[in-house]
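Undergrad: Let me see the structure of the following:
(2 chains)
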There are 2 protein chains.
Amino acid sequence: MQRVKYQQRDNPASEGRLTELFRVLTGSTVASGVVLGIGDDCAIVRPRGSPDDLLLTSDLLIENVHFRLSTHRPEDIGWKALARGLSDIASMGGQPRWCLLSLAVKTGCGERWIDAFYRGFLELARRERTALVGGDLARADKIVCDIMVCGAAPRGKALRRDGAHTGDVIYVSGLLGGSALGLSKGATRTARRRHLRPEPRLSLGRFLRQRATAAMDLSDGLSLDLHRLALASGLAAEITAPPQFPGATRDQALNGGEDYELLFTAPLSRRLPAEFEGVPITRIGMMRKGRAGAVTLDGAPLDPLGYDHFRNICC
Amino acid sequence: MQRVKYQQRDNPASEGRLTELFRVLTGSTVASGVVLGIGDDCAIVRPRGSPDDLLLTSDLLIENVHFRLSTHRPEDIGWKALARGLSDIASMGGQPRWCLLSLAVKTGCGERWIDAFYRGFLELARRERTALVGGDLARADKIVCDIMVCGAAPRGKALRRDGAHTGDVIYVSGLLGGSALGLSKGATRTARRRHLRPEPRLSLGRFLRQRATAAMDLSDGLSLDLHRLALASGLAAEITAPPQFPGATRDQALNGGEDYELLFTAPLSRRLPAEFEGVPITRIGMMRKGRAGAVTLDGAPLDPLGYDHFRNICC
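TA: Presented below is the predicted three-dimensional model:
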């Protein structure tokens, strides 16, 4: 998902409003087999008799909102559509199993466009052993992709964003700001690729399942996503500057979004490697008692400035 | 889904093209735990160790394609978004369990619109005991809803559209053409309601699980949907005129679409009631040996004229 579920796609001004909507939503359907509903990167549901929990997530990718045809090739759009869903599965330590793709295309996008879209999509699907089992096709004025991924994790073992404890160390994987940099004019090829072909951290997520206390993926920017993790865990967070992608500004690393790295917490006593499969693991701060969701950078308040679709709708 | 999956959202001219795409799609992902992939109303997947199979479906509902703000109230759009997904679960004899909703709204749709949308959505979700466990929110120029429903059926028992045998009787539930009539000027209130608030035939679908040989839901019109069922089963179909909704024309009943009734087949020897929970069950014909997918009405060929999104895209 846009990792940001209904109640949390907010800025402080809209938080109350969406929290109320969230309450109504979750309280009003019978929750048979629901371990975790709206509010995390994935929902967790429990099929009868299975040793696995299932993780469910969906993510929209919309023309002129998330991409432009002038800058994004169809094979990159296909890749990214799936990568966004897989990143949610990664953040909860799951193994992706099956996916559905709903795709609305416009008349100008003919066979070649559609073929190229699926080529990019299936390149990633094959690599991550995720079977495309269905979906829907329609036409529309703008291209809209919605990916639904169903993953699995051993029963009760999925990572969540609400599990951090006071004193836990805060980590991020990778280098931040590359995706935002990749969108800017004159971006390096590596930064551009970072934006167009994000890498869901699936094996890292599974590695963290027995080691992290809380996790989520960085889709909307560290400042907003860490605010959400801290809010869900009922704690405050203190950080120093995160590791920056070569050429990225500090602002891009803090607020840029779409890095699809993992943000997670682990007890101080837990030893974690400095890198995992070539991806750096960097300690950036610590969870503290304090106002839930408050984040400080080098001691000063850090506003949640990441991308919020609903800033202009719900408040 | 638009019940019509990738390879079957077609007209005869585009069939070859989409069948090829379908082959590439299904052949290219590893199918771990996949019982039935792209091509039916739902995919069927098998969670480890569960006595249930899971049914997965997704359906788009797009402004100015599937509805207009000038004629559809937000509560009706919310209801219909879910009803389309539930109807897919019904057609395979499943019990809906969980759903995700991806919703893109435009700035003009404020809190009141969103609230009303969810009111309609949740009215049906509550009634059918389907838990809304997540989704995505974004803004866009046009409203786009994509519903994903996950249902359950006892292992190996889900109904499919490819199970009809020669000599099986063809049935439809309900009266057809009401939804198309409901869209026309001067439509009666009951016809209009039929269009705005379709009723997924969930209990009928479960009743048919041990009785029907093949089933699907009528979303794109009897002529096109029966063509698909016959094609999937490798048989031809002979029918007489289906039961018409009061006031609907024969053309609306044959080609109108969006009735969300069930189309199914059962052996001649199987006794079925004339109605089920107040919904008529009508025998309309028989499956025959012949060209796969060929349908005749009173002995004359019946062209698949139902709604096909891809008539103008893929051919």
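Undergrad: where does residue A:45 land on pLDDT?
TA: pLDDT, residue A:45: 96.
Undergrad: Quick one: the helices in the stretch 1-150 of chain A, in order.
TA: A:12-27, A:74-91, A:111-127 (DSSP state H, counting those that start in this stretch).
Undergrad: touching chain B at all, the second one?
TA: Meaning helix A:74-91. No. If you take C-beta under 8 Å from any C-beta of the partner chain as the test, helix A:74-91 misses chain B, and the best it gets is 9.1 Å. Using the backbone N, CA and C atoms, a C-beta is placed for each residue, glycine as well.
Undergrad: Show me which residues of that helix are buried.
TA: For helix A:74-91, a neighbour-count test (16 or more other C-beta atoms under 10 Å in any protein chain shown) marks A:74-91 as buried.
Undergrad: which helices and strands sit right next to that helix?
TA: Judged by 3 or more C-beta pairs under 8 Å, 6 or more residues apart in numbering or on different chains; DSSP states H and E, the packing partners of helix A:74-91 are strand A:52-62, strand A:95-105, helix A:111-127, strand A:144-154, helix A:189-196, helix A:202-208, strand A:214-217.
Undergrad: What ranges in the stretch 51-200 of chain A fall below the confidence cut-off?
TA: Applying pLDDT under 70 to the stretch 51-200 of chain A picks out no residues at all.
Undergrad: quick one: the strands in the stretch 151-300 of chain A?
TA: Under the criterion DSSP state E, counting those that start in this stretch, the stretch 151-300 of chain A contains strands at A:169-173, A:214-217, A:236-239, A:262-266, A:275-276, A:279-288, A:295-297, A:300-301.
Undergrad: Run through who's touching the longest one.
TA: Identification of contacts with strand A:279-288 by C-beta atoms under 8 Å, 6 or more residues apart in numbering or on different chains yields A:164-175, A:201, A:204, A:230, A:233, A:235-243, A:261, A:265, A:268, A:272-275.
Undergrad: check contacts around residue A:77.
TA: A:61, A:67, A:117, A:120, A:143, A:145.
Undergrad: Make CSV from the strands of the stretch 151-300 of chain A and add mean neighbour count and distance to residue B:257 to it.
TA: CSV is the format used below for the strands of the stretch 151-300 of chain A (neighbours: other C-beta atoms under 10 Å in any protein chain shown; distance: least, C-beta to C-beta, whole Å):
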stretch, mean neighbour count, distance to residue B:257
strand A:169-173, 24, 48
strand A:214-217, 28, 39
strand A:236-239, 22, 52
strand A:262-266, 28, 45
strand A:275-276, 14, 51
strand A:279-288, 18, 49
strand A:295-297, 21, 51
strand A:300-301, 7, 55
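Undergrad: Against residue A:183, how distant is residue A:72?
TA: 10 Å (C-beta to C-beta, to the nearest Å).
Undergrad: Apart from its neighbours in sequence, what residue is nearest residue A:160?
TA: Closest residue to residue A:160 apart from its sequence neighbours, by C-beta to C-beta, 6 or more residues apart in numbering or on different chains: residue A:40 at 5.5 Å.
Undergrad: Who is the one you found paired with across the strands?
TA: Beta-bridge partners for residue A:40, by DSSP bridges, are residue A:38.
Undergrad: That one - how many residues pack around it?
TA: 29 (other C-beta atoms under 10 Å in any protein chain shown).
Undergrad: Touching, it and residue A:216? I think so.
TA: Yes. With contacts counted by C-beta atoms under 8 Å, residue A:40 reaches residue A:216, the gap being 7.4 Å.
Undergrad: measure the residue nearest to residue A:160 to residue A:190 for me?
TA: Applying C-beta to C-beta to residue A:40 and residue A:190 gives a distance of 31 Å.
Undergrad: Contact residues of the stretch 101-250 of chain A facing chain B?
TA: A:101-102, A:104-105, A:107, A:109-111, A:114-115, A:118, A:122, A:125-126, A:129-142, A:144, A:146, A:148, A:150, A:152.
Undergrad: Buried ones from the residues you listed, can you make that a PyMOL selection?
TA: Of these, the buried ones can be selected in PyMOL as follows, counting by 16+ other C-beta under 10 Å:
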select buried, chain A and resi 101+102+104+105+109+114+118+122+125+130+131+132+133+134+135+136+137+138+139+140+141+142+144+146+148+150+152
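Undergrad: overlap in contacts of residue A:40 and residue A:216?
TA: The overlap between the contact sets of residue A:40 and residue A:216 (C-beta under 8 Å, 6+ apart) consists of residue A:161.
Undergrad: Could you list the domains of chain A?
TA: A:12-154, A:169-308 (automatic domain parsing).
Undergrad: So which bits of stretch A:247-259 are buried?
TA: Buried, per 16+ other C-beta under 10 Å, within stretch A:247-259: A:247, A:248, A:252, A:253, A:254, A:255, A:256, A:257, A:258, A:259.
Undergrad: Might you report the residue contacts of the fifth one?
TA: The reference is to residue A:254. A:176, A:177, A:221, A:222, A:223, A:241, A:242, A:297, A:302, A:305.
Undergrad: what about 10 Å?
TA: A:176-177, A:180, A:221-224, A:226, A:239, A:241-242, A:244, A:248, A:295, A:297, A:302-303, A:305-306 (C-beta atoms under 10 Å, 6 or more residues apart in numbering or on different chains).
Undergrad: Roughly how far does it sit from chain B?
TA: Distance of residue A:254 to chain B, computed by C-beta to the nearest C-beta, to the nearest Å: 22 Å.
Undergrad: Over to the first one?
TA: When distances are taken as C-beta to the nearest C-beta, residue A:247 and chain B turn out to be 28 Å apart.
Undergrad: Touching, that residue and residue A:189? I think so.
TA: No. Look at residue A:247 against residue A:189 with C-beta atoms under 10 Å: they stay out of range, at 11.2 Å.
Undergrad: what's the overlap in contacts for the two?
TA: residue A:182.
Undergrad: Pairing partners for residue A:216 in the sheet, please.
TA: Applying DSSP bridges, one finds that residue A:216 bridges with residue A:263.
Undergrad: quick one: pLDDT of it?
TA: 98.
Undergrad: tell me the contacts of it?
TA: A:3-4, A:40-41, A:87-88, A:91-92, A:159-162, A:225-226, A:228-229, A:232, A:262-265.
Undergrad: redo that, cut-off 6 Å
TA: Residues near residue A:216 by C-beta atoms under 6 Å, 6 or more residues apart in numbering or on different chains: A:41, A:91, A:161, A:229, A:263.
Undergrad: For the second one, list the residues it contacts.
TA: The one in question is residue A:91. Residues in contact with residue A:91, defined by C-beta under 6 Å, 6+ apart, are A:41, A:215, A:216, A:217, A:262.
Undergrad: switch to 7 Å and redo it
TA: A:41, A:159, A:205, A:215, A:216, A:217, A:262 (C-beta atoms under 7 Å, 6 or more residues apart in numbering or on different chains).
Undergrad: Among those residues, which one lies nearest to chain B?
TA: Using C-beta to the nearest C-beta, residue A:41 comes nearest to chain B of the contacts of residue A:91, at 9.0 Å.
Undergrad: Verify the contact between residue A:74 and residue A:112 for me.
TA: No. Between residue A:74 and residue A:112 there is no contact under C-beta atoms under 7 Å: 8.2 Å.
Undergrad: Now the stretch 151-300 of chain A against chain B: closest residue?
TA: residue A:152 (7.3 Å).
Undergrad: how close does the closest residue to that residue other than its chain neighbours get to residue A:163?
TA: Using C-beta to C-beta, 6+ apart and skipping the chain neighbours, the partner closest in space to residue A:152 is residue A:52 (4.3 Å). According to C-beta to C-beta, residue A:52 stands 19 Å off from residue A:163.
Undergrad: When the two are compared, which one has more neighbours?
TA: Counted by other C-beta under 10 Å, residue A:52 and residue A:163 do not tie: residue A:52 has more neighbours, with 21 against 16.
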